[in-house]
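**Student:** test case, fold it:
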Amino acid sequence: MFIIGHLVVAIAKIIQLFVNLYMFIIIISALISWLHVDPYNPLVQILYQLTEPVLRPIRRYLPLMGRGIDFSPIIVIAICIFINNFLVSSLIDIGMQLR
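**Tutor:** You can find the predicted model right below:
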C-alpha cells in the first residue's frame with residue numbers, strides 16, 4: 001500500500017507544480033496587459049493562448065468594473081489557490097495515510 005501512497009503524493013505535488021506555474025503565467029499575462037506590448041510578439045501570443053481559454057468564460061459573466069478593470073485574473077488566481085489548499089492538500093493527506 002505504501003507504493004500507492006507515494007504515487008498519490010507524487011501526483012499531488014505535480015498538480016501543485018502546474019497550478020503554481022499557471023498562476024505565474026496568469027500574473028505575467030495580467031502585467032503585460034497593462035503595458036503597451038506588441039501583440040504580435042511570440043511570447044505575448046503564447047501567453048494569450050495559455051490564459052485566454054480560462055479567462056474568457058469568466059469575463060463573460062463578470063463585467064468590466066470602473067475604467068475597464070478586468071478582475072478575471074484575480075478570480076483565476078483565487079481558484080488556483082483553492083485548488084492548492086483543498087485538492088492538493090487533501091491528496092497529500094490521503095497519500096500519507098496510505099503509507
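**Student:** show me where the protein dips below the pLDDT cut-off.
**Tutor:** 64-67 (pLDDT under 70).
**Student:** count the neighbours of residue 80 for me.
**Tutor:** 20 (other CB atoms under 10 Å). Every residue, glycine included, has its C-beta placed from N, CA and C.
**Student:** let me fix that: residue 19
**Tutor:** Residue 19 has 18 nearby residues by other CB under 10 Å.
**Student:** wasn't it part of a strand?
**Tutor:** No: counting by DSSP: H, G, I helix; E, B strand; the rest coil, residue 19 is not part of a strand but helix.
**Student:** I'd say it and residue 82 touch.
**Tutor:** No: between residue 19 and residue 82 there is no contact under CB atoms under 8 Å: 9.7 Å.
**Student:** what are the contacting residues of stretch 71-86?
**Tutor:** Outside of stretch 71-86, the residues within contact range by CB atoms under 8 Å, 6 or more residues apart in numbering are 15-16, 19-20, 22-23, 26-27, 29-30, 51, 54-55, 58-59, 62, 65.
**Student:** the nearest residue to residue 98 once chain neighbours are set aside: how many residues sit nearby?
**Tutor:** Excluding the flanking residues, the one nearest residue 98 by CB to CB, 6 or more residues apart in numbering is residue 5, at 3.3 Å. Neighbourhood size, residue 5 [other CB under 10 Å]: 15.
**Student:** cool, and residue 51?
**Tutor:** 21.
**Student:** quick one: residues contacting it.
**Tutor:** 25, 26, 29, 73, 76.
**Student:** tabulate those residues (TSV), appending neighbour count.
**Tutor:** Shown next, in TSV, are these (neighbours: other CB atoms under 10 Å):
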residue	neighbour count
25	16
26	22
29	19
73	19
76	21
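**Student:** those strands in this structure, which residues are they?
**Tutor:** Taking DSSP state E, the chain contains no strands at all.
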